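Undergrad: Mind looking at a prediction? Sequence and model below.
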Amino acid sequence: MTGSPPRDDPESGKPLHVGQLNLPAEDAFHKAFGELFDRRFFANHGPLEQQLDRELALRFGTRHAVSVVNATVALMLALRALDLQGEVIVPAFTFPATVQAVDWAGLKPVFCDVDPHSQTLTAQTVAPRIGPATAAILGVHVWGRACDPDGLAELSRRHGLKLLFDAAHAVGAGFRGRPIGGFGDAEVFSFHATKILNGVEGGCIATNDDDLAARLRRMRSFHEADDGVTRLYRLNAKMSEAQAAMALLGLRDLDGLIGQNRRRYERYRQELDGIPGVRFVDYAGDEASNYQFIVLSVEPAASPLSRDMLLDRLRSRQILARRYFHPGMHRTPPYCDDGIPDLPVTERLCSSLIQLPTGQLVTDRDIETICAVIREAAGMDGAAAPKGSA
Ligand SMILES: Cc1ncc(COP(=O)(O)O)c(C=O)c1O
(Lines give C-alpha, C1' and ligand atoms only; values in the text may rest on other atoms or scores of the structure.)
Protein backbone atom coordinates (compact mmCIF):
# COMPACT_ATOMS: atom_id res chain seq x y z
CA MET A 1 0.00 0.00 0.00
CA THR A 2 1.48 3.36 -0.98
CA GLY A 3 0.42 7.02 -0.90
CA SER A 4 -2.25 8.59 1.32
CA PRO A 5 -5.43 6.74 2.18
CA PRO A 6 -8.42 7.71 0.01
CA ARG A 7 -10.51 10.41 1.70
CA ASP A 8 -14.23 10.87 1.27
CA ASP A 9 -15.03 14.36 0.07
CA PRO A 10 -18.54 15.78 -0.30
CA GLU A 11 -17.32 18.50 -2.67
CA SER A 12 -15.97 15.93 -5.12
CA GLY A 13 -19.21 13.94 -4.95
CA LYS A 14 -17.72 11.15 -2.84
CA PRO A 15 -19.66 10.26 0.29
CA LEU A 16 -18.54 11.47 3.68
CA HIS A 17 -19.32 8.94 6.39
CA VAL A 18 -20.04 9.35 10.09
CA GLY A 19 -17.51 6.74 11.29
CA GLN A 20 -14.14 7.85 12.54
CA LEU A 21 -11.68 5.88 10.35
CA ASN A 22 -8.61 6.96 12.27
CA LEU A 23 -5.59 5.39 10.60
CA PRO A 24 -2.06 4.93 11.93
CA ALA A 25 0.89 6.48 10.10
CA GLU A 26 1.66 4.28 7.12
CA ASP A 27 5.33 3.67 7.99
CA ALA A 28 4.37 2.59 11.54
CA PHE A 29 1.73 0.27 10.06
CA HIS A 30 4.25 -1.33 7.66
CA LYS A 31 6.82 -1.78 10.44
CA ALA A 32 4.31 -3.40 12.80
CA PHE A 33 2.92 -5.74 10.15
CA GLY A 34 6.43 -6.56 8.84
CA GLU A 35 7.37 -7.66 12.37
CA LEU A 36 4.19 -9.69 12.59
CA PHE A 37 5.07 -11.57 9.40
CA ASP A 38 8.66 -12.14 10.58
CA ARG A 39 7.46 -13.49 13.93
CA ARG A 40 4.93 -15.86 12.30
CA PHE A 41 2.69 -15.64 15.36
CA PHE A 42 -0.79 -14.63 14.25
CA ALA A 43 -3.27 -15.90 16.84
CA ASN A 44 -3.70 -17.75 20.17
CA HIS A 45 -2.65 -15.01 22.60
CA GLY A 46 0.57 -13.90 20.97
CA PRO A 47 2.92 -11.23 22.32
CA LEU A 48 0.97 -8.31 20.81
CA GLU A 49 -2.35 -9.35 22.35
CA GLN A 50 -0.62 -9.75 25.71
CA GLN A 51 1.04 -6.34 25.34
CA LEU A 52 -2.30 -4.80 24.40
CA ASP A 53 -3.97 -6.26 27.50
CA ARG A 54 -1.22 -4.70 29.66
CA GLU A 55 -1.34 -1.30 27.94
CA LEU A 56 -5.14 -1.14 28.04
CA ALA A 57 -5.22 -1.96 31.75
CA LEU A 58 -2.73 0.87 32.34
CA ARG A 59 -4.80 3.27 30.27
CA PHE A 60 -8.08 2.32 31.98
CA GLY A 61 -6.48 2.21 35.43
CA THR A 62 -7.79 -1.32 36.00
CA ARG A 63 -6.19 -4.51 37.28
CA HIS A 64 -7.18 -6.34 34.09
CA ALA A 65 -8.07 -5.84 30.45
CA VAL A 66 -9.09 -8.93 28.50
CA SER A 67 -9.00 -8.37 24.74
CA VAL A 68 -11.39 -10.22 22.46
CA VAL A 69 -12.54 -10.20 18.87
CA ASN A 70 -15.15 -7.43 19.21
CA ALA A 71 -17.33 -5.66 21.79
CA THR A 72 -20.47 -7.66 21.02
CA VAL A 73 -18.74 -10.88 21.98
CA ALA A 74 -17.13 -9.12 24.94
CA LEU A 75 -20.60 -8.20 26.25
CA MET A 76 -21.83 -11.77 25.79
CA LEU A 77 -18.81 -13.15 27.62
CA ALA A 78 -18.97 -10.65 30.47
CA LEU A 79 -22.67 -11.34 31.11
CA ARG A 80 -22.12 -15.09 30.92
CA ALA A 81 -19.01 -14.99 33.14
CA LEU A 82 -20.99 -13.30 35.92
CA ASP A 83 -23.17 -16.43 36.06
CA LEU A 84 -26.46 -14.51 36.16
CA GLN A 85 -30.06 -15.59 35.88
CA GLY A 86 -33.14 -13.50 35.25
CA GLU A 87 -33.41 -9.94 33.99
CA VAL A 88 -30.95 -7.25 33.02
CA ILE A 89 -32.00 -3.60 32.96
CA VAL A 90 -30.80 -1.92 29.75
CA PRO A 91 -31.52 1.28 27.83
CA ALA A 92 -33.50 0.99 24.60
CA PHE A 93 -31.50 4.00 23.43
CA THR A 94 -28.45 2.00 22.33
CA PHE A 95 -26.90 -0.04 19.56
CA PRO A 96 -28.50 -3.50 19.05
CA ALA A 97 -25.41 -5.32 20.37
CA THR A 98 -26.02 -4.12 23.95
CA VAL A 99 -29.46 -5.70 24.08
CA GLN A 100 -28.86 -8.75 21.92
CA ALA A 101 -25.83 -9.74 24.03
CA VAL A 102 -28.22 -10.02 26.98
CA ASP A 103 -30.31 -12.52 25.01
CA TRP A 104 -27.25 -14.44 23.85
CA ALA A 105 -26.25 -14.81 27.49
CA GLY A 106 -29.64 -16.42 28.21
CA LEU A 107 -30.98 -13.39 30.12
CA LYS A 108 -34.00 -11.17 29.61
CA PRO A 109 -33.51 -7.50 28.72
CA VAL A 110 -35.82 -5.07 30.53
CA PHE A 111 -35.92 -1.65 28.89
CA CYS A 112 -35.47 1.48 30.92
CA ASP A 113 -35.73 5.13 29.90
CA VAL A 114 -32.75 7.46 29.95
CA ASP A 115 -32.11 10.83 31.52
CA PRO A 116 -32.94 13.72 29.13
CA HIS A 117 -29.66 15.54 29.81
CA SER A 118 -27.06 12.76 29.92
CA GLN A 119 -29.04 10.47 27.56
CA THR A 120 -27.88 7.53 29.72
CA LEU A 121 -29.45 5.40 32.44
CA THR A 122 -29.21 6.95 35.90
CA ALA A 123 -30.03 5.69 39.38
CA GLN A 124 -33.29 7.67 39.14
CA THR A 125 -34.41 6.10 35.86
CA VAL A 126 -33.33 2.56 36.86
CA ALA A 127 -34.68 2.36 40.43
CA PRO A 128 -38.38 1.94 39.45
CA ARG A 129 -37.51 -0.89 37.03
CA ILE A 130 -35.85 -3.09 39.65
CA GLY A 131 -37.95 -6.14 40.50
CA PRO A 132 -37.53 -9.58 42.07
CA ALA A 133 -36.05 -11.08 38.87
CA THR A 134 -33.49 -8.31 38.28
CA ALA A 135 -29.96 -9.69 38.23
CA ALA A 136 -27.94 -6.84 36.74
CA ILE A 137 -27.87 -3.36 35.29
CA LEU A 138 -26.15 -2.82 31.95
CA GLY A 139 -25.60 0.91 31.38
CA VAL A 140 -24.21 2.47 28.20
CA HIS A 141 -21.71 5.34 28.21
CA VAL A 142 -23.41 6.72 25.15
CA TRP A 143 -21.27 9.20 23.16
CA GLY A 144 -18.52 8.42 25.70
CA ARG A 145 -20.47 10.18 28.49
CA ALA A 146 -20.31 8.45 31.83
CA CYS A 147 -23.53 6.60 32.67
CA ASP A 148 -24.01 7.77 36.28
CA PRO A 149 -21.32 5.37 37.56
CA ASP A 150 -21.51 6.50 41.20
CA GLY A 151 -25.33 6.57 41.43
CA LEU A 152 -25.68 3.18 39.73
CA ALA A 153 -22.91 1.64 41.88
CA GLU A 154 -24.75 2.69 45.02
CA LEU A 155 -28.10 1.46 43.67
CA SER A 156 -26.72 -1.93 42.58
CA ARG A 157 -24.96 -2.37 45.94
CA ARG A 158 -28.20 -1.71 47.80
CA HIS A 159 -30.10 -4.27 45.72
CA GLY A 160 -27.32 -6.86 45.40
CA LEU A 161 -27.14 -6.49 41.61
CA LYS A 162 -24.23 -6.80 39.22
CA LEU A 163 -23.32 -3.64 37.35
CA LEU A 164 -21.86 -3.63 33.84
CA PHE A 165 -21.15 -0.83 31.41
CA ASP A 166 -21.14 -0.91 27.63
CA ALA A 167 -18.23 1.46 27.07
CA ALA A 168 -18.03 0.85 23.30
CA HIS A 169 -18.01 4.65 22.76
CA ALA A 170 -15.79 5.54 25.66
CA VAL A 171 -12.14 4.64 24.99
CA GLY A 172 -10.08 7.50 26.44
CA ALA A 173 -13.04 9.14 28.19
CA GLY A 174 -13.20 9.90 31.91
CA PHE A 175 -15.46 11.03 34.73
CA ARG A 176 -14.54 13.12 37.79
CA GLY A 177 -10.84 12.54 37.23
CA ARG A 178 -11.15 8.76 36.78
CA PRO A 179 -10.80 6.99 33.45
CA ILE A 180 -13.81 5.04 32.24
CA GLY A 181 -12.84 1.36 32.57
CA GLY A 182 -12.89 0.72 36.31
CA PHE A 183 -16.57 1.38 37.05
CA GLY A 184 -19.01 -1.37 38.03
CA ASP A 185 -18.05 -5.05 37.88
CA ALA A 186 -16.76 -4.73 34.33
CA GLU A 187 -16.74 -2.39 31.37
CA VAL A 188 -16.72 -3.38 27.70
CA PHE A 189 -14.93 -1.40 24.96
CA SER A 190 -15.04 -1.57 21.16
CA PHE A 191 -12.09 -1.12 18.79
CA HIS A 192 -14.17 -1.33 15.64
CA ALA A 193 -12.70 0.57 12.68
CA THR A 194 -15.21 3.40 13.13
CA LYS A 195 -14.35 3.94 16.81
CA ILE A 196 -11.69 6.27 18.13
CA LEU A 197 -9.33 3.34 18.79
CA ASN A 198 -9.21 1.40 15.52
CA GLY A 199 -8.25 -2.27 15.78
CA VAL A 200 -10.19 -2.88 12.52
CA GLU A 201 -12.35 -5.10 14.75
CA GLY A 202 -11.73 -5.69 18.42
CA GLY A 203 -12.94 -5.19 21.93
CA CYS A 204 -12.02 -5.79 25.53
CA ILE A 205 -13.42 -6.25 29.00
CA ALA A 206 -11.84 -4.14 31.73
CA THR A 207 -12.29 -5.16 35.36
CA ASN A 208 -10.74 -4.94 38.81
CA ASP A 209 -12.16 -8.35 39.76
CA ASP A 210 -9.38 -10.98 39.65
CA ASP A 211 -11.77 -13.96 39.58
CA LEU A 212 -13.89 -12.49 36.82
CA ALA A 213 -10.78 -11.73 34.74
CA ALA A 214 -9.50 -15.29 35.20
CA ARG A 215 -12.86 -16.70 34.12
CA LEU A 216 -12.98 -14.41 31.10
CA ARG A 217 -9.46 -15.42 30.04
CA ARG A 218 -10.47 -19.05 30.05
CA MET A 219 -13.82 -18.42 28.38
CA ARG A 220 -12.44 -16.35 25.49
CA SER A 221 -10.71 -19.32 23.86
CA PHE A 222 -10.13 -23.05 23.92
CA HIS A 223 -6.41 -22.49 24.44
CA GLU A 224 -6.11 -20.91 27.88
CA ALA A 225 -7.09 -23.69 30.32
CA ASP A 226 -4.11 -25.72 31.57
CA ASP A 227 -5.67 -29.09 30.96
CA GLY A 228 -8.26 -28.13 28.32
CA VAL A 229 -11.03 -29.09 30.75
CA THR A 230 -13.22 -26.52 32.44
CA ARG A 231 -16.84 -26.29 33.49
CA LEU A 232 -17.10 -22.82 31.98
CA TYR A 233 -18.90 -22.11 28.74
CA ARG A 234 -16.26 -21.20 26.20
CA LEU A 235 -16.08 -19.45 22.88
CA ASN A 236 -13.50 -18.72 20.23
CA ALA A 237 -13.42 -15.00 20.96
CA LYS A 238 -9.68 -14.53 20.59
CA MET A 239 -8.24 -11.30 19.29
CA SER A 240 -5.75 -11.89 16.45
CA GLU A 241 -2.23 -10.48 16.45
CA ALA A 242 -3.12 -8.32 13.43
CA GLN A 243 -5.96 -6.69 15.38
CA ALA A 244 -3.70 -6.20 18.39
CA ALA A 245 -1.01 -4.61 16.17
CA MET A 246 -3.54 -2.08 14.85
CA ALA A 247 -4.97 -1.35 18.29
CA LEU A 248 -1.49 -0.81 19.78
CA LEU A 249 -0.70 1.72 17.05
CA GLY A 250 -4.02 3.47 17.72
CA LEU A 251 -3.38 3.54 21.45
CA ARG A 252 -0.15 5.43 20.85
CA ASP A 253 -2.07 8.07 18.86
CA LEU A 254 -5.11 8.18 21.15
CA ASP A 255 -4.51 11.46 23.00
CA GLY A 256 -3.67 13.22 19.74
CA LEU A 257 -6.86 11.87 18.16
CA ILE A 258 -8.96 13.07 21.11
CA GLY A 259 -7.41 16.54 20.78
CA GLN A 260 -8.19 16.61 17.05
CA ASN A 261 -11.75 15.40 17.66
CA ARG A 262 -12.24 18.15 20.21
CA ARG A 263 -11.06 20.75 17.71
CA ARG A 264 -13.53 19.43 15.13
CA TYR A 265 -16.33 19.45 17.74
CA GLU A 266 -15.58 23.09 18.61
CA ARG A 267 -15.42 24.02 14.95
CA TYR A 268 -18.85 22.51 14.35
CA ARG A 269 -20.25 24.39 17.36
CA GLN A 270 -18.78 27.64 16.15
CA GLU A 271 -20.13 27.17 12.62
CA LEU A 272 -23.64 26.20 13.80
CA ASP A 273 -24.04 28.67 16.65
CA GLY A 274 -27.38 30.48 16.71
CA ILE A 275 -29.55 28.16 14.60
CA PRO A 276 -32.93 28.02 16.35
CA GLY A 277 -33.79 24.57 17.66
CA VAL A 278 -30.41 23.02 16.86
CA ARG A 279 -28.50 21.98 19.96
CA PHE A 280 -25.25 20.10 20.55
CA VAL A 281 -24.77 17.36 23.07
CA ASP A 282 -22.95 19.25 25.82
CA TYR A 283 -20.18 17.77 27.92
CA ALA A 284 -20.45 18.80 31.58
CA GLY A 285 -17.42 20.00 33.56
CA ASP A 286 -16.80 16.65 35.28
CA GLU A 287 -16.73 14.70 32.01
CA ALA A 288 -13.60 14.12 29.94
CA SER A 289 -15.02 13.28 26.53
CA ASN A 290 -13.17 11.69 23.64
CA TYR A 291 -15.37 13.78 21.30
CA GLN A 292 -15.83 10.69 19.18
CA PHE A 293 -19.29 11.71 18.04
CA ILE A 294 -20.78 14.94 16.78
CA VAL A 295 -24.40 14.70 17.86
CA LEU A 296 -27.03 17.41 17.35
CA SER A 297 -30.63 17.50 18.35
CA VAL A 298 -33.10 19.20 16.08
CA GLU A 299 -36.01 20.21 18.28
CA PRO A 300 -39.12 20.35 16.08
CA ALA A 301 -40.96 22.92 18.23
CA ALA A 302 -38.12 25.44 18.00
CA SER A 303 -36.79 24.79 14.51
CA PRO A 304 -38.05 25.41 10.97
CA LEU A 305 -36.39 22.08 10.21
CA SER A 306 -37.22 18.56 11.14
CA ARG A 307 -34.43 16.10 11.87
CA ASP A 308 -35.46 13.93 8.92
CA MET A 309 -35.62 16.88 6.51
CA LEU A 310 -32.09 17.78 7.54
CA LEU A 311 -30.95 14.21 7.12
CA ASP A 312 -32.37 14.10 3.58
CA ARG A 313 -30.78 17.41 2.69
CA LEU A 314 -27.36 16.28 3.93
CA ARG A 315 -27.62 12.90 2.26
CA SER A 316 -28.53 14.50 -1.05
CA ARG A 317 -25.12 16.22 -0.80
CA GLN A 318 -23.30 12.94 -0.08
CA ILE A 319 -22.95 13.79 3.61
CA LEU A 320 -24.02 10.51 5.15
CA ALA A 321 -25.30 11.79 8.49
CA ARG A 322 -27.16 9.20 10.57
CA ARG A 323 -30.15 8.89 12.86
CA TYR A 324 -28.41 7.25 15.74
CA PHE A 325 -29.96 5.40 17.46
CA HIS A 326 -33.09 4.85 15.46
CA PRO A 327 -35.40 3.15 16.09
CA GLY A 328 -35.09 2.53 19.82
CA MET A 329 -34.45 -1.14 20.58
CA HIS A 330 -37.88 -1.43 22.23
CA ARG A 331 -39.44 -0.87 18.79
CA THR A 332 -37.46 -3.63 17.05
CA PRO A 333 -38.39 -7.31 16.83
CA PRO A 334 -38.46 -9.50 18.80
CA TYR A 335 -38.61 -6.94 21.61
CA CYS A 336 -41.71 -5.09 20.32
CA ASP A 337 -43.66 -8.34 19.92
CA ASP A 338 -45.03 -8.16 23.48
CA GLY A 339 -45.96 -4.47 23.30
CA ILE A 340 -43.95 -1.26 23.38
CA PRO A 341 -42.98 0.13 26.79
CA ASP A 342 -43.50 3.81 27.53
CA LEU A 343 -40.07 5.44 27.17
CA PRO A 344 -40.78 9.11 26.43
CA VAL A 345 -37.21 10.41 26.62
CA THR A 346 -35.93 7.59 24.42
CA GLU A 347 -38.68 8.33 21.87
CA ARG A 348 -37.75 12.01 21.79
CA LEU A 349 -34.04 11.29 21.34
CA CYS A 350 -34.68 8.72 18.61
CA SER A 351 -36.72 11.27 16.65
CA SER A 352 -34.53 14.34 17.16
CA LEU A 353 -30.84 13.31 17.14
CA ILE A 354 -28.57 13.36 14.15
CA GLN A 355 -24.93 12.36 13.97
CA LEU A 356 -22.47 14.21 11.71
CA PRO A 357 -19.15 13.10 10.22
CA THR A 358 -15.96 13.46 12.23
CA GLY A 359 -12.63 11.72 12.65
CA GLN A 360 -9.15 12.06 11.23
CA LEU A 361 -10.26 12.18 7.59
CA VAL A 362 -12.76 15.03 8.07
CA THR A 363 -11.13 18.37 7.29
CA ASP A 364 -12.06 21.92 8.32
CA ARG A 365 -13.26 22.44 4.77
CA ASP A 366 -15.58 19.43 5.08
CA ILE A 367 -16.99 20.88 8.29
CA GLU A 368 -17.56 24.26 6.61
CA THR A 369 -19.37 22.53 3.73
CA ILE A 370 -21.53 20.42 6.06
CA CYS A 371 -22.44 23.43 8.21
CA ALA A 372 -23.26 25.56 5.17
CA VAL A 373 -25.75 22.86 4.08
CA ILE A 374 -27.28 22.87 7.58
CA ARG A 375 -27.54 26.67 7.74
CA GLU A 376 -29.12 26.71 4.29
CA ALA A 377 -31.60 24.00 5.29
CA ALA A 378 -32.51 26.05 8.37
CA GLY A 379 -33.35 29.02 6.15
CA MET A 380 -30.19 30.88 7.09
CA ASP A 381 -28.98 30.97 3.46
CA GLY A 382 -26.07 33.25 2.95
CA ALA A 383 -25.69 33.74 6.70
CA ALA A 384 -22.01 33.91 7.50
CA ALA A 385 -20.78 31.50 10.14
CA PRO A 386 -20.54 33.26 13.50
CA LYS A 387 -17.06 34.23 14.62
CA GLY A 388 -15.51 33.20 17.91
CA SER A 389 -15.87 29.98 19.82
CA ALA A 390 -19.15 28.45 20.92
C1 LIG B 1 -23.08 1.11 22.20
C2 LIG B 1 -22.44 0.01 21.41
N3 LIG B 1 -22.26 -1.19 21.99
C4 LIG B 1 -21.69 -2.22 21.35
C5 LIG B 1 -21.26 -2.09 20.05
C6 LIG B 1 -20.68 -3.27 19.35
O7 LIG B 1 -19.31 -3.10 19.09
P8 LIG B 1 -18.54 -4.10 18.13
O9 LIG B 1 -18.78 -3.62 16.73
O10 LIG B 1 -17.10 -3.98 18.53
O11 LIG B 1 -19.07 -5.47 18.34
C12 LIG B 1 -21.41 -0.86 19.39
C13 LIG B 1 -20.96 -0.68 18.01
O14 LIG B 1 -21.10 0.33 17.38
C15 LIG B 1 -22.02 0.22 20.09
O16 LIG B 1 -22.21 1.41 19.50
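TA: Yes, it's here.
Undergrad: For the stretch 201-350 of the chain, what lies in contact range of the ligand?
TA: For the stretch 201-350 of the chain, the residues in contact with the ligand under the definition CB under 6 Å from any ligand atom are residue 203. Just so you know, the C-beta spots here come from the backbone N, C-alpha and C atoms, and that holds for glycine as well.
Undergrad: in the stretch 201-350 of the chain, what residue is nearest the ligand?
TA: residue 203 (4.6 Å; CB to the nearest ligand atom).
Undergrad: contacting residues around the nearest residue to that residue once chain neighbours are set aside?
TA: Spatial nearest neighbour of residue 203, chain neighbours left out: residue 71 (3.5 Å); criterion: CB to CB, 6 or more residues apart in numbering. Shown here is residue 71, whose contacts under the criterion CB atoms under 8 Å, 6 or more residues apart in numbering are 97, 166, 168, 188, 189, 190, 191, 192, 203.
Undergrad: Try it again at 7 Å.
TA: 97, 168, 188, 189, 190, 203 (CB atoms under 7 Å, 6 or more residues apart in numbering).
Undergrad: so where's the stretch 1-150 of the chain shaky on pLDDT?
TA: Applying pLDDT under 70 to the stretch 1-150 of the chain flags the ranges 1-13, 20.
Undergrad: who in it is up against the ligand?
TA: By the rule CB under 6 Å from any ligand atom, the part of the stretch 1-150 of the chain lying against the ligand is 70, 71, 72, 94, 95, 97, 98, 140.
Undergrad: would you turn those residues into TSV with secondary structure and distance to residue 290?
TA: As requested, these are arranged in TSV below (DSSP: H, G, I helix; E, B strand; the rest coil; distance: CB to CB, whole Å):
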residue	secondary structure	distance to residue 290
70	coil	19
71	helix	15
72	helix	20
94	coil	18
95	coil	17
97	helix	19
98	helix	19
140	strand	15
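Undergrad: Pipe those into JSON lines and attach distance to residue 345 per row.
TA: Output for those, formatted as JSON lines (distance: CB to CB, whole Å):
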{"residue": "70", "distance to residue 345": "29"}
{"residue": "71", "distance to residue 345": "24"}
{"residue": "72", "distance to residue 345": "25"}
{"residue": "94", "distance to residue 345": "13"}
{"residue": "95", "distance to residue 345": "17"}
{"residue": "97", "distance to residue 345": "21"}
{"residue": "98", "distance to residue 345": "17"}
{"residue": "140", "distance to residue 345": "14"}
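Undergrad: Fine by me, we can end here.
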